[in-house]
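1. Sequence isn't available, so here's the structure alone:
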């Protein structure tokens, strides 16, 4: 497990590049992740942000919470816009129109804007080799528009478009593995992160930004509103996702897999599922099905690290 590092916490800047005063829900772990990411990246950053919760809560006209250049783009094209900005800025530097310096080009979107609507733009940008970082803030549904299911919604979860009934027990497909899809593009750096482990998250974002070429970071972002749980349990839920093996924290650095937060003995998935209202309809049989799937996928991941 990640042990508290007092020295590491002291090294985190007190400057806020994503300022207070946003309109996120109580307990929103996604906005916490955005704040930590912004601290890790610093001032010399340009963000292309897809439509979603973070766009809504941070840019009510005529105000903004962003203290770096920030572009709101359509749901599906954060990666395309970020790669265009990266290419354009490099041309201006090459022609001497602006000074040469290190700039962090960031694309960000939720799981819907990444694994569903935006997967084609993301794949194209990764394949072209743009020097940028793509960050998926994964709250496991289209939360901003009413808690509809996405391809990142876990098996068995109840949403407004995958309701739990007597015949269909909520979401009937398994969560799409976007980090592995990104890694399949043979890009230099892929990682998973969670704001419940802030030092791990910050270190991975810094590493992604330093990487020459495309980098992809997938951040589990607990949504108390959509997950039907008390807001004060958001950090606990993130830690349980890791401790049960449901959301392992790892990185793929130039093709080499490394577990960054090691869990000696995984906890039962029920510890995580039973604290969320979106899973309250699951019986013990369904929980056992999920447990077997998690065990299988975790073993596959560990095998890749040998």
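-> Nice, thanks for sending it over. Here the structure is a predicted model, which means the values were calculated and not measured.

2. Contacts for stretch 107-114, please.
-> 30, 34, 37, 47-54, 75-76, 78-79, 81-83, 118, 122, 125, 132-144, 150-152, 178, 221 (CB atoms under 8 Å, 6 or more residues apart in numbering). In short, each C-beta sits where N, CA and C put it, glycine included.

3. In strands, which of those residues appear?
-> 47, 48, 49, 50, 133, 134, 135, 136, 137, 138 (DSSP state E).

4. quick check, nearest of the residues you listed to residue 295?
-> Distance to residue 295 across the ones in strands among the contacts of stretch 107-114 (CB to CB) is lowest for residue 138, with 21.4 Å.

5. The closest one contacts residue 154, correct?
-> No - using CB atoms under 8 Å, residue 138 is not in contact with residue 154, being 10.5 Å away.

6. for residue 271, what are its contacts?
-> Contacts of residue 271 by CB under 8 Å, 6+ apart are 240, 243, 244.

7. Helices - which of these land there?
-> 240, 243 (DSSP state H).

8. out of the contacts of residue 271, which one sits closest to residue 185?
-> residue 244 (28.4 Å).

9. Quick one: low-confidence residue ranges for the stretch 201-306 of the chain.
-> Along the stretch 201-306 of the chain, the model assigns pLDDT under 70 to no residue.

10. Do you have the strands of it handy? List them.
-> 215-220, 250-253, 256-259 (DSSP state E, counting those that start in this stretch).

11. Now the phi/psi pair for residue 128, please.
-> phi -80, psi -20 (degrees, to the nearest 10).

12. Near it, how many residues? Count them for me, please.
-> Residues lying near residue 128 (other CB atoms under 10 Å) number 11.

13. cool, residue 118 as well?
-> 27.

14. before we move on, what about residue 224?
-> So residue 224, with other CB under 10 Å, has 21 neighbours.

15. So it sits against residue 230, correct?
-> Yes - between residue 224 and residue 230 there is a contact under CB under 8 Å: 6.6 Å.

16. Need the residues touching each of the two.
-> With CB under 8 Å, 6+ apart as the test, residue 224 and residue 230 both reach residue 27.

17. and the gap between residue 204 and residue 50?
-> 21 Å (CB to CB, to the nearest Å).

18. cool, residue 22 as well?
-> Distance from residue 22 to residue 50, by CB to CB: 17 Å.

19. Which of these two has more residues huddled nearby?
-> Legend: neighbour count by other CB under 10 Å for residue 22 and residue 50, higher for residue 50 (27 against 20).

20. And the pLDDT at the more buried one?
-> Listed pLDDT for residue 50 reads 97.

21. again, but for the one 4 residues further on
-> The per-residue pLDDT reported for residue 54 equals 97.

22. Now do the same contact list for it.
-> Taking CB under 8 Å, 6+ apart as the test, what residue 54 contacts is 30, 31, 34, 108, 110, 137.

23. so residue 257 sits right up against residue 305, yeah?
-> Yes - taking CB under 8 Å as the definition, residue 257 is a contact partner of residue 305 at 4.5 Å.

24. shared neighbours, the two?
-> residue 250.

25. Show me which of those two is the more surrounded one.
-> residue 257 (16 against 11).

26. For residue 297, grab the count of nearby residues.
-> 17.

27. contacting residues for it?
-> Here residue 297 is in contact with residue 245 (CB under 8 Å, 6+ apart).

28. From residue 50, how far off is it?
-> 27 Å.

29. can you tell me which of the strands of the stretch 201-306 of the chain comes nearest to residue 94?
-> The nearest among the strands of the stretch 201-306 of the chain, by CB to CB, is strand 215-220 at 22.4 Å.

30. Could you check the closest one and say which residues are buried?
-> By neighbour count with 16 or more other CB atoms under 10 Å, strand 215-220 contains the buried residues 215, 216, 217, 218, 219, 220.

31. And for stretch 14-24?
-> 17, 18, 22, 24.

32. ok, back up a step: and residue 138 and residue 154? Which one has more around it.
-> residue 138 (28 against 24).

33. how many neighbours does the residue lying closest to the more buried one once chain neighbours are set aside have?
-> With CB to CB, 6 or more residues apart in numbering as the criterion, residue 138 has its nearest non-adjacent residue at 4.3 Å, and that residue is residue 111. When neighbours are counted by other CB under 10 Å, residue 111 registers 27.

34. cool, and residue 306?
-> For residue 306, using other CB under 10 Å, the count is 5.

35. Give the full set of residues in contact with it.
-> Per CB under 8 Å, 6+ apart, neighbours of residue 306: none.
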